[in-house]
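>>> Provided below are the primary sequence and the corresponding predicted coordinates.
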Amino acid sequence: MLSPLSDRTYRHLFGAQLLSLLGTGLATVALGLLAFELAGSNAGAVLGTALAIKMIAYVSVAPVAGAFVHLVPRRTLLVALDLVRACVALALPFVTEVWQVYVLIAVLQCGSAAFSPSFQATIPDVLTDEEEYTKALSLSRLAYDVEALVSPLLAAALLGIVGFHWLFAGTVLGFIASALLVVSVRLPSPKPPERSEGAWGRITRGARIYLATPRLRGLLMFNLAVAAAGAMVIVNTVVIVRGGLGLSDKEVAVVFAAYGAGSMVAALILPRLLTHVADRTAMLAGAALLGLGMVVGPWASAQVPSLLPLWFMLGIGNGLVLTPSGRLLRRSAHPGDRPALFAAQFALSHACWLITYPLSGWLGAGPGTTIAFSLMALLAAVGAISAAWLWPSHDPEEVEHEHQVTGHGDPHLQEVDIVVVLENGRYRHRHKFVVDDRHPRWPVDGRGTA
């Protein structure tokens, strides 16, 4: 699992990701406590709104960034965005009004919406071997899990000696360290799209490929299940622990750490597991755990001894679903389309969070966490069942399909060795299939491709 770290470029990128995430994790704990200080019992609603603003930025900015990322040197873009985010995080400790939180979160997350998909699309260009890339995905997931485990524990330790406002300083240091590591390596230039398009065509290209690919339509529904359970964890942990159980800031951090520990376990077992089971099977198992966790949530969250195992189980489900997603994206596009496709995954997955964040926050602050758990359980079930239906269990990389012959010099006809000529000027062949300009639709029973 550690072999990708032998590549110097990836090693520095992984370090940048880990340090940035640790800083962001400190900000997550601090933001929840800041919301509690400013709004008291309405903290869940404030945090839910702040996170909804974050999702709006992700959904709107990521596709635009993905469309034009090839116009800017990758290293320059990533370093600049890290520094912008550091400046915003530096201002967060000084806010005194809820609206100020909303404005700063909007600016911060616009930067993240451009940074994250560009960073993710860089990794398959650095590690071109499929096995190494799979290990890198697990390491990336592990980085998220280390953040979810270590940063709350670090926050708990710091809260014993300083106020929570100082946690934002850790966020600033994390972004600066990330920028220094990125600037220390050379990154491959983003590959331009295979053909020129207008601005709107570039912006929507990733989403068009995404929604035309069955496995990615299934991935979108898996994202809904993850967002349903994850919103309950992120938005309502502080409400459950501080408001419901009457515990301290330190216990909030410990409960967050249980969630991170579960996700870490999933990341550690997946490289070996995925050599024996299909991505779809592992992701369905994870979605089932998320739905089950939401069902038992109203009872398990009533006391700490059962809340910790519940959050741990939800972390496992989260890791099982999210870790393989990069493999699906890499399989589903040409290298030139990957930045747009990663941006589409970033935007569409966070559109799910845009639904679940405010629902979870407002329901938790209003009717109560029992109602919130119930609705999130319903959404998780819808996501898991829809994913199983939209993503067929038989999903080969090579797909037989038909084309209309465009002439004797059709280059696509000459790329594939085995061609069956049909009537009416059509031919059928088989090759590794992705949606692109030559294949705008997914074939059904070997037909349906222009």
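Perfect, thanks for sending it. Numbers count the residues shown, from 1 in each chain.

>>> all contacts plus neighbour counts: C-alpha atoms, from now on.
OK.

>>> could I get the full set of helices for the stretch 301-450 of the chain?
For the stretch 301-450 of the chain, applying DSSP state H, counting those that start in this stretch gives helices covering 304-322, 325-331, 338-365, 369-390, 411-415.

>>> and the ones you listed as CSV, adding mean neighbour count and distance to residue 86?
Below are the helices of the stretch 301-450 of the chain laid out as CSV (neighbours: other CA atoms under 10 Å; distance: least, CA to CA, whole Å):
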stretch, mean neighbour count, distance to residue 86
helix 304-322, 24, 27
helix 325-331, 18, 27
helix 338-365, 26, 21
helix 369-390, 21, 33
helix 411-415, 12, 48
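
>>> which of those helices sits closest to residue 286?
Evaluated with CA to CA, these place helix 304-322 nearest to residue 286, the distance being 3.8 Å.

>>> could you give the mean pLDDT of the closest one?
Mean per-residue pLDDT for helix 304-322: 89.

>>> go on, stretch 330-339?
78.

>>> use 55 as the first number from now on
Sure, I'll start numbering at 55, so the last one becomes stretch 384-393.

>>> distance between the ends of it?
One end of stretch 384-393 to the other measures 10 Å (CA to CA, to the nearest Å).

>>> and residue 140, that's in a strand?
No: the assignment for residue 140 (DSSP: H, G, I helix; E, B strand; the rest coil) gives helix, which keeps it out of a strand.

>>> the spatially closest residue to it that is not a sequence neighbour sits in which helix or strand?
Using CA to CA, 6 or more residues apart in numbering and skipping the chain neighbours, the partner closest in space to residue 140 is residue 226 (4.6 Å). In the assignment (DSSP states H and E), residue 226 maps to helix 221-237.

>>> report the buried residues of that helix.
221-233, 235-237 (16 or more other CA atoms under 10 Å).

>>> stretch 56-70 now?
58, 59, 63, 64, 65, 66, 67, 68, 69, 70.

>>> so for it, first residue to last residue, what's the gap.
16 Å.

>>> cool, and stretch 327-335?
Taking CA to CA as the measure, stretch 327-335 stretches 10 Å from start to finish.

>>> and for stretch 441-457?
Terminal residues of stretch 441-457 lie 29 Å apart, using CA to CA.

>>> list the buried ones in that stretch?
Within stretch 441-457, the residues scored as buried using 16+ other CA under 10 Å are 441, 442, 444, 445, 453, 454, 455, 456, 457.

>>> from the chain's centre, how far out does it sit?
Centre-to-centre, stretch 441-457 and its host chain are 24 Å apart (CA atoms, centre = their mean, to the nearest Å).

>>> how about residue 107, nearest residue that isn't a chain neighbour?
residue 160 (6.0 Å).

>>> host element of that neighbour?
helix 152-180.

>>> and that helix, what's its mean pLDDT?
78.

>>> which elements pack onto that helix?
For helix 152-180, the packing partners by 3 or more CA pairs under 8 Å, 6 or more residues apart in numbering; DSSP states H and E come out as helix 62-93, helix 97-122, helix 128-145, helix 392-419.

>>> rerun that using 6 Å as the cut-off
Applying 3 or more CA pairs under 6 Å, 6 or more residues apart in numbering; DSSP states H and E, one finds that helix 152-180 contacts helix 97-122, helix 128-145, helix 392-419.

>>> worst mean pLDDT among the ones you listed?
When I compare those, helix 97-122 is least confident, with a mean of 73.

>>> wait, the residue nearest to residue 140 touches residue 142, no?
No: counting by CA atoms under 6 Å, residue 226 stays clear of residue 142, with 8.5 Å between them.

>>> contact partners for residue 235?
66, 70 (CA atoms under 6 Å, 6 or more residues apart in numbering).

>>> measure it to residue 64 for me?
From residue 235 to residue 64 the distance is 11 Å (CA to CA).

>>> domain-wise, how is the chain divided?
Split into domains by automatic domain parsing, the chain comes to 57-444, 450-504.

>>> buried deepest among the ones you listed, which one?
Highest mean neighbour count among these (mean count of other CA atoms under 10 Å): domain 57-444, with a mean of 21.

>>> and that one, end to end?
OK, domain 57-444 end separation, CA to CA: 35 Å.

>>> how far does that domain sit from its chain's centre?
5 Å.

>>> returning to that earlier point: list of residues touching the next helix or strand after the helix holding residue 226?
As assigned by DSSP H and E, the chain's next helix or strand after helix 221-237 is helix 253-266. Defining contact as CA under 6 Å, 6+ apart, one finds that helix 253-266 is touched by 117, 118, 121, 270, 271, 394, 395, 398, 489.

>>> swap in 8 Å and give it another go.
117-118, 120-122, 270-271, 387, 391-399, 489-490, 494-496 (CA atoms under 8 Å, 6 or more residues apart in numbering).

>>> residue 295 touches residue 307, doesn't it?
No: using CA atoms under 8 Å as the test, residue 295 is too far from residue 307 to be in contact (9.7 Å).

>>> from residue 363, how far off is the residue sitting nearest the centre point of the chain?
Centroid-nearest residue in the chain: residue 400, 5.9 Å away (criterion: CA atoms, centre = their mean). Using CA to CA, residue 400 is found at 29 Å from residue 363.

>>> same question for residue 393.
Look at residue 393 and residue 363: by CA to CA, they are 37 Å apart.

>>> which ones are touching residue 108?
Residue 108 sits in contact with 159, 160, 163, 164, where contact means CA under 8 Å, 6+ apart.

>>> work out for me the element the residue nearest to residue 406 when sequence neighbours are not counted sits within.
Spatial nearest neighbour of residue 406, excluding adjacent residues (CA to CA, 6+ apart): residue 278 at 5.3 Å. Element membership for residue 278, per DSSP H and E: helix 268-292.

>>> and that helix, what's its mean pLDDT?
90.

>>> now that helix and helix 62-93, what's the angle there?
Helix 268-292 runs at 40 degrees relative to helix 62-93, counting by axes from the mean of the first three to the mean of the last three CA atoms, to 10 degrees.

>>> after helix 268-292, next one along is what?
Downstream of helix 268-292, the next assigned helix or strand under DSSP H and E is helix 303-327.

>>> hang on, the earlier thing: please name the nearest non-neighbouring residue to the residue nearest to the centre of the chain.
The nearest residue in space to residue 400 (CA to CA, 6+ apart) is residue 171, at 6.4 Å.

>>> got the contact list for the helix or strand hosting residue 341?
For residue 341, the host element (DSSP H and E) is helix 333-354. Identification of contacts with helix 333-354 by CA under 8 Å, 6+ apart yields 276, 279-280, 283, 328, 360-361, 364, 367-368, 370-376, 378, 423-424, 427-428, 430-432, 434-435, 437-438, 442, 447.
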